[in-house]
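# let's see this in three dimensions:
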Amino acid sequence: MSRSSMLVYEPAAPCLTPPQKSRQSLNKLAGKTIGFIDNSKPNFNYLVEDLSQLLIEKHGVKAVIKQRKRSASQGLSEAAMNELVAQTDAIITGSGD
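Prediction:
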C-alpha cells in the first residue's frame, strides 16, 4: 500500500489590527439590546425574525437591531459595525441557506 498525504489549509486570515479590549460577557438578556449581522444568504432573515421575537418575548430583550451585509463574501462596513457596537450589548452573526 502506498501512503498518501493531504494538505489542509486553515481558512483564517491573520489579524491586521491588535484586538481591542473585549466587552464583558452578559449575565442576563433582560433589558439588553441585541444586534444581528445578516450575511444576506437566503432564509437568514426568517431565522432572525423568529429569534428576535423569542428574545423579546421569552428573555426580556429590550430591542433587536439588524444590519444586513451587501453579500455573504463581504464584511459589514467599518462604519456600520461601529454603529452596531455602539447601540448593542451583544452581536450575533448569522448564516442562512
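
# for the lowest-mean-pLDDT helix or strand in the chain, which strands pair with it and how are they oriented?
Lowest on mean pLDDT, DSSP states H and E among the helices and strands of the chain sits strand 90-93, with a mean of 89. When pairing is defined by DSSP bridges, strand 90-93 lines up against strand 33-38 (parallel).

# can I get the partner strand as PDB, trimmed to CA atoms?
The C-alpha trace of strand 33-38 is given here as PDB (Å, rounded to 0.1, in the frame of the first residue of the first chain):
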ATOM      1  CA  THR A  33     -30.200  45.300  23.100                       C
ATOM      2  CA  ILE A  34     -29.100  42.500  20.800                       C
ATOM      3  CA  GLY A  35     -27.600  43.100  17.300                       C
ATOM      4  CA  PHE A  36     -27.800  40.700  14.400                       C
ATOM      5  CA  ILE A  37     -25.500  40.700  11.300                       C
ATOM      6  CA  ASP A  38     -27.400  39.200   8.500                       C
END
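
# next, the buried residues of that strand.
34-38 (16 or more other CB atoms under 10 Å). (Each C-beta comes from the backbone N, C-alpha and C, glycine too.)

# do the same with stretch 51-67
By neighbour count on 16+ other CB under 10 Å, the buried set for stretch 51-67 is 51-52, 55, 61, 64, 66-67.

# what residue ranges in this structure score low on pLDDT?
1-2, 11-13, 15-24, 96-97 (pLDDT under 70).

# helices along that one, start to end?
Counting by DSSP state H, one finds helices in the chain at the ranges 44-59, 78-87.

# fine by me, we can end here.
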